[in-house]
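Have a look at this prediction, sequence included:
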Amino acid sequence: MDSAFVISQSDKRPIYLQIMEQIKRRIAVGDWPEGHALPSIRQLAVDLQISVITVKRAYLELEREGVIVTQQGRGSRVAPDPDLGLRIHEEELQRHLEHAARLSALLGLKPRELASRLREVRDTIAEKEKS
Amino acid sequence: MTDLAIKLEGVTKRYRYFTLDNIDLEVPAGEIMGLIGPNGAGKSTTIRILLGLVHQDSGNVRVLGHRMPAEQVQAKWNIGFASEDMRLYDAMTLGWHMNFIRSLYPKWDEKYAQLLLKRFGLNAEQKIKGLSHGQRVKAMLLLVLARCPRLLVLDEPTTGLDPVARHEILRELTAVMQDEGRSILFSSHNTQDVEQISDRITFIDRGRIIDSMDKETYLDRWRRLRLEVPAGIELHALPGIIDIRQNGRLAVVTSNDFVPDLASAYENSGARVQSIENMTLEEIFVANVERSREEVEA
């Protein structure tokens, strides 16, 4: 079974969000391609030792976001969308950018300063990866 | 929601110093219900009534379709009950108890019993008097689980257990739910256990039900907002806010009926929302009990 899902108790976010994120991550890295069958709600609940309703909620929200499709009686699959992995990374980037924008406003940084800081960080990471 | 494992309607029981007051409770088949409340809230009384061990003064109780207490004999074939104050025979071995229960219940699953013995790290040859508290609790649960009852009723199943034993028990309880027809009602002080495995939560305090609903909806309604309040701006209690604590420019506001509009309303009044946090069941538990007591005193 897919026992590599790990629910963290020190993670402040609700469990359903943690499940959503871990499923999205699997899709984003390519482990779960389009059409891949997800474990049934009850099975995942038993595997993770959490309530059925929590897994149900995670699947429902993923369906709403267009990440998975659920057919009555036939379970859930990864949505047939070749750009899904990209989209998930895109959304994550957007979230981090918004967070950075908010913090930079608090610090009173000008947009140009924020942009150059971002460039610096990128260059530092590129340096590290080269060595 | 068609099939109800448990249905209590207007159940009242009066004691000299305690009244269980007009309890309505529904547990759909296939779900785990967590019963929480402070000591003396009425959890055990509720459990005893739905098992027919205590008879209500008024109100209707149906368990697995049987009227209680009138049809308790039929109902009990399919109910497994374990509580802290139940006793096994000290001088007998666990194996003796297993044989005894097996001789009474035709649905006893010996293979599953042997599996549980292994998973719980128990020895059937051992006499009950030599078992630790944790081992006794696990032995009791083994005897109940191996009967494969359609309804499990557990009064404080994880109290006083070490983290490993707790984990083992929670694993077996969630495994039961693989079968959609089975249901569990359990009471606990351990809000973390309830938060983890229950589909529904019922809060009892002072003999009354404060809340009873599905866990996701319930957790979702409670939020803590951290606000920065500029000098000269006053925070108003908005609908859905049950607590405001302010110290200098920082305020913490608790909502039990959160909607995003609430945050915008505070922004519009001049405050700045620093964060909107989810709350754990434990935090909700304490806030809820405090609030209901304030209401009673007011």
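Yep, it's here.

What is the helix or strand harbouring A:Ile125 packed up against?
Secondary-structure assignment from DSSP states H and E places A:Ile125 in helix A:111-130. For helix A:111-130, the packing partners by 3 or more Cβ pairs under 8 Å, 6 or more residues apart in numbering or on different chains; DSSP states H and E come out as helix A:84-106. Heads up, the C-betas are built off the backbone N, CA and C, glycines and all.

Just the residues contacting the helix it packs on, thanks.
Contacts of helix A:84-106 from elsewhere in the structure, counted by Cβ atoms under 8 Å, 6 or more residues apart in numbering or on different chains, are A:24-25, A:27-30, A:34, A:67, A:78, A:81, A:113-114, A:117-118.

let's see 6 Å
Applying Cβ atoms under 6 Å, 6 or more residues apart in numbering or on different chains, the set of residues contacting helix A:84-106 from outside is A:24, A:27-28, A:114.

which one of the residues you listed is nearest chain B?
Ranking the contacts of helix A:84-106 by separation from chain B, with Cβ to the nearest Cβ as the measure, puts A:Lys24 on top at 18.9 Å.

What is the burial count for that closest one?
A:Lys24 is surrounded by 22 other residues when neighbours are defined as other Cβ atoms under 10 Å in any protein chain shown.

Check B:Val229 too.
Burial of B:Val229, expressed as a neighbour count using other Cβ under 10 Å, amounts to 18.

so it makes contact with B:Val273?
No. Under the contact definition of Cβ atoms under 6 Å, B:Val229 does not touch B:Val273, with a separation of 10.5 Å.

Low-confidence regions, the chain specifically.
In the absence of a named chain, this looks at chain A. Flagging of chain A using pLDDT under 70 yields the residue ranges A:1-3.

try chain B instead
B:1-2, B:298.

follow-up on the earlier one: now, among the contacts of helix A:84-106, which is nearest to B:Pro260?
A:Lys24 (22.5 Å; Cβ to Cβ).

hmm, back to that, PyMOL command to pick out the buried ones of the contacts of helix A:84-106?
Under the burial definition 16 or more other Cβ atoms under 10 Å in any protein chain shown, those of those that qualify are selected in PyMOL by:
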select buried, chain A and resi 24+27+28+114
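
Might you specify the subset of the contacts of helix A:84-106 located within strands?
If you go by DSSP state E, the contacts of helix A:84-106 have nothing in strands.

quick check, nearest of the contacts of helix A:84-106 to A:Ile125?
Distance to A:Ile125, by Cβ to Cβ, is smallest for A:Leu114 among the contacts of helix A:84-106, at 16.9 Å.

Not counting residues beside it along the chain, what's closest to that closest one?
The shortest distance from A:Leu114 to any residue other than its chain neighbours is 4.5 Å, reached at A:Ser104 (Cβ to Cβ, 6 or more residues apart in numbering or on different chains).

now do B:Val137
For B:Val137, the nearest residue in space outside its immediate sequence neighbours is B:Leu161; the separation is 6.2 Å by Cβ to Cβ, 6+ apart.

Name the SS class of that neighbour, please.
For B:Leu161, the secondary-structure state derived from DSSP: H, G, I helix; E, B strand; the rest coil is coil.

Quick check: the gap between it and B:Arg136.
Look at B:Leu161 and B:Arg136: by Cβ to Cβ, to the nearest Å, they are 10 Å apart.

Would you mind listing what in chain B touches chain A?
For chain B, the residues found near chain A under the criterion Cβ under 6 Å from any Cβ of the partner chain are B:32, B:170-171, B:174-175, B:178, B:196-199, B:214-216, B:278.

7 Å instead?
For chain B, the residues in contact with chain A under the definition Cβ under 7 Å from any Cβ of the partner chain are B:32, B:170-171, B:174-175, B:177-178, B:180, B:196-199, B:214-216, B:219, B:278.
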